[in-house]
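K.L.:
Got a predicted structure plus its sequence, pasted below:
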Amino acid sequence: MACGLRDPMAWPKSLAMSLRPILLHPDPRLKKVCTAIEAITPEIRALADDMLHTMYDAPGVGLAAPQVGVLKRLFVMDCVKEEGAAPRPMVLINPEITWVSDDTAAYEEGCLSIPEQYAEVTRPERVRMRWTDLDGEAQEEEFTGLWATCAQHELDHLNGKLFIDHLGPIKRQLITRRMVKLKRERAREG
């Protein structure tokens with residue numbers, strides 16, 4: 001399993017992990033460029049564990065640190081969708097794309113910070129990404145399909161970009177208006 005993490009489904013409830021609140025668009029923190037992580041500290045490890053726990057609980061396939069209000073270059077993802085397949089939680093610290101394919105693919109994307117809103121986004125079909133893992137080791141992998149889309153989507157978050165920024169202005173404004181309304185409704189409820 002990636003990053004030395006145990007199967008998240010087997011994590012004991014007593015572990016000090018916690019769910020973190022996910023910021024909803026529009027929030028100015030989601031539009032900020034994140035800073036590099038200089039050292040793998042216990043706080044960074046706890047953040048990664050909390051983010052994986054939050055992502056699985058949401059449920060989602062990816063979550064970037066700015067989505068939980070931490071403006072650091074870290075995201076988590078697990079795009080294993082097959083029934084009965086072992087999870088593959090990944091923690092990517094200071095990720096960067098080193099290569100993209102000329103071929104593109106369109107996927108209907110959603111985002112935990114923009115719940116219940118989806119739109120087709122075209123991105124490179126394959127990407128090679130380099131990052132540091134929780135052990136401080138350099139990693140590099142080529143991603144395809146949903147993994148490639150997710151990696152690019154989450155890297156966008158670290159650069160202050162949302163999937164709706166890939167859409168035309170009318171569609172982007174429509175989704176933003178829906179999100180403002182949702183945030184108002186949630187504020188009234190609780």
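P.N.:
Arrived safely, thanks for sending.
K.L.:
can you pull out the strands in the protein?
P.N.:
Residue ranges of the strands in the chain, as given by DSSP state E, are 62-64, 74-77, 90-100, 104-111, 114-124, 126-132, 138-144.
K.L.:
hey, what's the residue nearest the centre of the chain bridged with?
P.N.:
Closest residue to the average C-alpha location of the chain: Leu63 at 2.5 Å, with Cα atoms, centre = their mean. In this entry, Leu63 is beta-bridged to Val76, by DSSP bridges.
K.L.:
My guess is it contacts Leu112. True?
P.N.:
Yes: with contacts counted by Cβ atoms under 8 Å, Leu63 reaches Leu112, the gap being 6.2 Å. Quick note: C-beta positions are derived from backbone N, CA and C, even for glycine.
K.L.:
tell me, what's touching these two both at once?
P.N.:
22, 55 (Cβ atoms under 8 Å, 6 or more residues apart in numbering).
K.L.:
State the phi and psi torsions of Pro87.
P.N.:
When read as degrees, to the nearest 10, the backbone of Pro87 gives phi -60, psi 160.
K.L.:
Any idea how many residues pack against it?
P.N.:
By the criterion of other Cβ atoms under 10 Å, Pro87 has 18 neighbours.
K.L.:
Quick check, pLDDT for it.
P.N.:
pLDDT, Pro87: 93.
K.L.:
shaky segments in this structure?
P.N.:
Within the chain, the stretches with pLDDT under 70 are 1-17.
K.L.:
Show the contacting residues for the residue nearest to Thr176 when sequence neighbours are not counted.
P.N.:
Nearest non-adjacent residue to Thr176, counting by Cβ to Cβ, 6 or more residues apart in numbering: Pro26, 6.0 Å away. Pro26 is in contact with 176, 179-180, counting by Cβ under 8 Å, 6+ apart.
K.L.:
Report the buried residues of the lengthiest helix in the chain.
P.N.:
Using DSSP state H, we find that the single longest helix of the chain is helix 169-189. Judged by neighbour count (16 or more other Cβ atoms under 10 Å), helix 169-189 contains these buried residues: 172, 175-176, 179, 182.
K.L.:
Likewise for stretch 72-91?
P.N.:
Buried, per 16+ other Cβ under 10 Å, within stretch 72-91: 72-79, 87, 89-91.
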